[in-house]
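**Student:** The following block contains a protein sequence and its predicted model.
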Amino acid sequence: MTWRIRGLLGAALAVVLSCGPGKDDSVRLREGQNLDDIDECPGLLCGRELEFCAELLFEYGRSPPLCVTDDICERLECVSQGKRCVLFDGIPIQLRCIDDE
């Protein structure tokens with residue numbers, strides 16, 4: 001592969017990865033909540049029991065993988081009305097907003 005093609009593919013990948021989440025998938029902190037006690041994942045596993053690595057999709061972009069517990073959705077709310085926060089399996093786990101039923 002020539003250096004021009006590699007450069008073009010690298011630029012295309014940078015554009016795709018720089019796009020933030022859509023409004024339907026993004027979350028924000030609930031009023032009075034914070035993430036001060038949450039650390040970044042040192043690898044694919046978190047050090048404390050009952051914590052797992054998750055990626056949060058904020059209005060302004062993706063967070064780095066963070067060590068969270070399964071009650072993280074209690075601190076967050078979906079930007080779009082009529083949606084609720086859920087966790088999806090993966091590495092890292094992703095937090096998304098789905099239709100509230």
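**Tutor:** Cool, got the structure.
**Student:** can you list the weak-confidence ranges in the chain?
**Tutor:** Across the chain, the stretches falling below the confidence threshold (pLDDT under 70) are 1-24.
**Student:** Excluding chain neighbours, give the residue nearest to the residue positioned nearest the centre of it in space.
**Tutor:** Within the chain, the residue whose C-alpha comes closest to the C-alpha centroid is L56; the distance, by CA atoms, centre = their mean, is 2.2 Å. The spatial neighbour of L56 that comes closest, neighbours along the chain excluded (CB to CB, 6 or more residues apart in numbering), is S63 at 4.2 Å. Any C-beta I mention is one placed from the backbone N, CA and C, and that applies to glycine too.
**Student:** distance of that neighbour from L57?
**Tutor:** According to CB to CB, to the nearest Å, S63 and L57 sit 8 Å apart.
**Student:** sorry, back to before: wait, isn't the residue nearest to the centre of the chain in contact with C67?
**Tutor:** No. Using CB atoms under 8 Å, L56 makes no contact with C67, being 11.5 Å away.
**Student:** Which of the helices or strands spans the closest residue to C78 other than its chain neighbours?
**Tutor:** Taking CB to CB, 6+ apart as the measure, C78 lies nearest to C97, with 3.7 Å between them; neighbours along the chain are not counted. Secondary-structure element containing C97, defined by DSSP states H and E: strand 93-99.
**Student:** ok, residues contacting that strand?
**Tutor:** Outside strand 93-99, the residues that touch it by CB atoms under 8 Å, 6 or more residues apart in numbering are 24-27, 52-57, 72-73, 76, 78-80, 82-88.
**Student:** Could you check how far the residue nearest to the centre of the chain is from E101?
**Tutor:** 23 Å.
**Student:** can you check P42 too?
**Tutor:** P42 is 37 Å from E101, where distance means CB to CB.
**Student:** Pick out whichever of those two has more residues nearby.
**Tutor:** Counted by other CB atoms under 10 Å, P42 and E101 do not tie: P42 has more neighbours, with 11 against 5.
**Student:** any idea how far F88 is from the more buried one?
**Tutor:** Counting by CB to CB, the separation of P42 from F88 is 22 Å.
**Student:** Going by residue numbers, what spans are helices in the protein?
**Tutor:** 3-18 (DSSP state H).
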